[in-house]
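> give me a 3D structure for the following:
(one chain, ligands or ions: 1)
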Amino acid sequence: MSVHTAKRRLAPADIKALKGERPIVSLTAYTTPVAKLMDQHVDFMLVGDSLGMVLYGLDSTVGVTLEMMIAHGQAVMRGSSNACVVVDLPFGSYQQSKEQAFATAARVLKETGCSAIKLEGGAEMAETVHFLTQRGIPVLGHVGLMPQLINTTGGYRSLGRNDKEVEKIRKDAAAIDDAGAFAIVIEGTVEPLAREITGAVKVPTIGIGASPACDGQVLVVDDVLGIFTDFKPRFVKHFANLAPLMSEAFATYAQEVKARSFPGPEHTFQLKKG
Ligand code: KIV
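Numbers count the residues shown, from 1 in each chain. The predicted model follows:
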């Protein structure tokens, strides 16, 4: 009898265990082909609600629906077998009550097959995070800049620049840590505070615009590939510059179609002779 030891996907517990071992690598992913290319290189893929802005051209993440998140979560799961996949809960699908959060998160896990969800929020969401984690739903927290709150906070600027902000983010991170999250995203936060939180919490911190002091890093995939070029925040690095390559490909295609040089004989089906 042979014993199959199929390689399994990284689990939220594996991500948590990386704290203090090595930096954790994460990127957002929204589609099957990109997930396939990324799968062996990241510890977890985040199906972020940033997809509303990146893929759908929305002004903010507020308009993202649960159906969008589930469809893209399924796509990313189909394209991966190694990385842990975490799906964001969209605005309005979890803030009302811990019961609403559980129902939404359970639906995401069941319908996508992903192993964890992310939700934005600090001390005010700690009870919800505890409720979920006690009931079989691994949670990735998200503190600091919280894009879903754009309508009350009013902007996308880095935080932790005055005592009030420092105290709030410090308390938020501690509350989400105590509530049982397996890791915490810190977004748009100054280095000294991100460093202090990383040293204080039990679980890994994953920074985006929160300095190298965090236990890991996440970026939006279109930023990494240089596809989204309308503006470039300070924390973004383009690891490739695909936008001009894509424009050139579209221009060449258009030229060849107009010149009737595409499709050529090699792209054309013919009837067999004889
Ligand atoms: O939605 C998203 O992509 C995110 C990351 C920026 C952390 O929340």
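> use CA for all of it now, contacts and neighbours both
Fine.
> now do the same contact list for the nearest residue to Leu66 once chain neighbours are set aside.
Sequence neighbours aside, Pro90 is the residue nearest to Leu66 in space, at 6.1 Å (criterion: Cα to Cα, 6 or more residues apart in numbering). Pro90 is in contact with Asp49, Thr61, Val62, Val64, Thr65, Leu66, Met69, Leu119, counting by Cα atoms under 8 Å, 6 or more residues apart in numbering.
> count of residues packed around the nearest residue to the second one once chain neighbours are set aside?
Put plainly, it is Thr61. Spatial nearest neighbour of Thr61, excluding adjacent residues (Cα to Cα, 6+ apart): Gly52 at 5.5 Å. Counted with other Cα atoms under 10 Å, the neighbours of Gly52 add up to 20.
> ramachandran coordinates for the residue nearest to Leu66?
Dihedral angles of Pro90 (phi, psi; degrees, to the nearest 10) stand at phi -80, psi 160.
> from Gly216, how far out is it?
23 Å (Cα to Cα, to the nearest Å).
> could you tell me the end-to-end distance of stretch 26-40?
Stretch 26-40 end-to-end distance (Cα to Cα) = 11 Å.
> just checking, Tyr156 touches Ile150?
Yes - contact criterion Cα atoms under 8 Å: Tyr156 and Ile150 qualify, at 7.5 Å.
> how about the stretch 51-200 of the chain: which residue is closest to the ligand?
Val185 (6.3 Å; Cα to the nearest ligand atom).
> give me the next element, helix or strand, following the helix or strand that contains that residue.
Assigning secondary structure by DSSP states H and E places Val185 in strand 183-187. Per DSSP H and E, strand 183-187 leads on to helix 191-200 as the next helix or strand towards the C-terminus.
> settle this for me: the residue of the stretch 51-200 of the chain closest to the ligand is touching Ala210, isn't it.
No - if you go by Cα under 8 Å, Val185 and Ala210 don't touch, sitting 9.2 Å apart.
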